[in-house]
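**Q** Sequence below, structure please.
(2 chains)
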Amino acid sequence: MITALANFIFVEPWPFWTGGLVIGLLVPLLYYYHNTALGVSTGYGNLVKIILPSRQLQWIKSEFSETWSWRIYFIAGIILGGFISARLAGRPLIIPEMGQFTIIVGWPALLNALYFFAGGTLLGLGARIAGGCTSGHSIHGIANLHLSSIIVTVLFLAGGAAAANIVRALFMGGGI
Amino acid sequence: MGKKTGIFGFGILFGFALSRVGASEFDLIFNMFTGTDFKLAWVMLTAILVGFLGMRLLQAKRMTTRSGQPIKISHKKLGRFSLLGAVLFGIGWGMAGACPGTVLAQLGEGKIYALFTFSGMIFGTYIYARLKENTTEL
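**A** Numbers count the residues shown, from 1 in each chain, chains lettered A, B, ... in the order given. Have a look, this model is predicted:
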């Protein structure tokens, strides 16, 4: 019984509702315990400040007065959570592939790296212009019935669907 | 327990959940966008519903935190370019098969290419900071 429960939590992939339950609960829990909105992408501004401490950028100076704010601790926690999950599930320490993508496209590593860097750049820039990301807008914002978050999320999904289908058609021979 | 320690703990729970449910799997995100597997869409819908019900519960408690402070809900208004930003974000989401939260779980799982998605996100945020030097519109 206990083995089966431990297996369900730590080894087998969770069914959708388990993940949805835990992630959704973070919205009220973060408000209740820390009066804080669930959100990740703003913390990347803290990372810019940590990496480039001598750059006197006005937006960084005014919005990120506390360099090592709680947002950095949230980011560090998420990384550690992913690490713990992979260890308990018995995954390899280093995973050189990115799903089926790197296998099917068959690009050299440098091209893969550039591709993911480009995707990341759009994510970082887009999140700041849109005022949030999947957690801040799509989960937190819609759970609070914010119309702006609903509109932004529809466009997140539209952009994602367009990009994935174009990438699949161009580079993956319609695969995955 | 201090705020930073507490939020570090919630971060661990968040990263663990993202990883366990497969939100950090490139294939699951990609397949949602190409319409072949909607597991992560169900994860998001469930999370929104649970979050909504949890906020109702807080409203029943007169919207106060555990220490009795009034809760201040963060509400992001749309700016002039927000919709363009949302589309750019979406394209990055579909390309990289990750978002700003799930890439962190990918890093913890030891996915090498997540390092590049992650670096790109910091670079994209830096570009935003540079653009903000010259305009107040963003």
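
**Q** From what I see, residue B:32 and residue B:43 are in contact.
**A** No. Distance between residue B:32 and residue B:43: 9.5 Å, which falls outside the contact criterion (C-beta atoms under 8 Å). (Each C-beta comes from the backbone N, C-alpha and C, glycine too.)

**Q** neighbour count winner among the two?
**A** Shown here are residue B:32 and residue B:43; by other C-beta atoms under 10 Å in any protein chain shown, residue B:43 has more neighbours (29 against 24).

**Q** By mean pLDDT, which helix or strand of chain A comes out lowest?
**A** helix A:2-6 (a mean of 92; mean pLDDT, DSSP states H and E).

**Q** Which residues belonging to it are considered buried?
**A** In terms of neighbour count (16 or more other C-beta atoms under 10 Å in any protein chain shown), helix A:2-6 has no buried residues at all.

**Q** just stretch B:103-111 next, same as before
**A** Neighbour-count burial for stretch B:103-111, with 16+ other C-beta under 10 Å as criterion, is recorded at B:103-111.

**Q** before we move on, what about stretch A:162-176?
**A** Of the residues in stretch A:162-176, A:163-165, A:167-168, A:172, A:176 count as buried by neighbour count, 16+ other C-beta under 10 Å.

**Q** And the contacts of the longest helix anywhere in chain A?
**A** Within chain A, and with DSSP state H defining each element, the longest helix by residue count is helix A:147-171. Contact with helix A:147-171 is made by A:104-105, A:126, A:130-132, A:134, A:136-138, A:140-142, A:174-176, B:29-30, B:32-35, B:75-78, B:82-83, B:86-95, as judged by C-beta atoms under 8 Å, 6 or more residues apart in numbering or on different chains.

**Q** Likewise for stretch B:129-137?
**A** Counting by C-beta under 8 Å, 6+ apart, the neighbours of stretch B:129-137 from elsewhere in the structure are A:45, A:48, A:57-60, B:79-81, B:138.

**Q** Next, count neighbours for residue 38.
**A** Assuming you mean chain A. The burial count assigned to residue A:38 is 26, neighbours taken as other C-beta under 10 Å.

**Q** meant chain B actually
**A** Neighbour number of residue B:38 under other C-beta under 10 Å is 14.

**Q** Now do the contacts for the closest residue to it other than its chain neighbours.
**A** Counting by C-beta to C-beta, 6 or more residues apart in numbering or on different chains, the nearest residue to residue B:38 once its immediate chain neighbours are dropped is residue B:32, at 5.9 Å. Counting by C-beta under 8 Å, 6+ apart, residue B:32 makes contact with A:160, B:38-41.

**Q** before we move on, what about residue B:29?
**A** When the contact criterion is C-beta under 8 Å, 6+ apart, the partners of residue B:29 are A:160, B:23, B:40, B:93-94, B:97-98, B:102.

**Q** now, among the residues you listed, which is nearest to residue A:75?
**A** Of all the contacts of residue B:29, the one sitting nearest residue A:75 is residue B:102; the distance, using C-beta to C-beta, is 12.3 Å.

**Q** Nearest the middle, which residue of chain B would you pick?
**A** Of all residues in chain B, the one closest to the mean position by C-alpha atoms, centre = their mean is residue B:101, 4.7 Å from it.

**Q** Specify the next element, helix or strand, located C-terminal of the least confident helix or strand of chain A.
**A** Taking DSSP states H and E as the definition, the helix or strand that follows helix A:2-6 towards the C-terminus is helix A:16-34.

**Q** Can that following helix be said to contact chain B?
**A** Yes. With C-beta under 8 Å from any C-beta of the partner chain as the measure, helix A:16-34 is seen reaching chain B through A:16-34.

**Q** In terms of secondary structure, what does that helix contact?
**A** Using 3 or more C-beta pairs under 8 Å, 6 or more residues apart in numbering or on different chains; DSSP states H and E, the elements in contact with helix A:16-34 are helix B:3-21, helix B:39-60.

**Q** Please identify the helix or strand for residue 87.
**A** No chain was given, so I picked chain A. Element membership for residue A:87, per DSSP H and E: helix A:70-88.

**Q** try chain B instead
**A** Secondary structure from DSSP H and E places residue B:87 in helix B:82-96.

**Q** Against which helices or strands is whichever helix or strand comes after that helix packed?
**A** Next in sequence after helix B:82-96, counting helices and strands by DSSP H and E, comes helix B:102-108. With contacts taken as 3+ C-beta pairs under 8 Å, 6+ apart, helix B:102-108 sits against helix A:70-88, helix B:3-21, helix B:114-134.

**Q** Go through the first one and flag the buried ones.
**A** In other words, helix A:70-88. Applying a neighbour-count criterion of 16+ other C-beta under 10 Å, one finds A:70-86 buried in helix A:70-88.

**Q** tell me the domain ranges of chain A?
**A** With automatic domain parsing as the criterion, the domains of chain A are listed as A:1-95, A:98-176.

**Q** and among these, the most buried is which?
**A** Of all these, domain A:98-176 carries the top mean neighbour count, a mean of 21, counting by mean count of other C-beta atoms under 10 Å in any protein chain shown.
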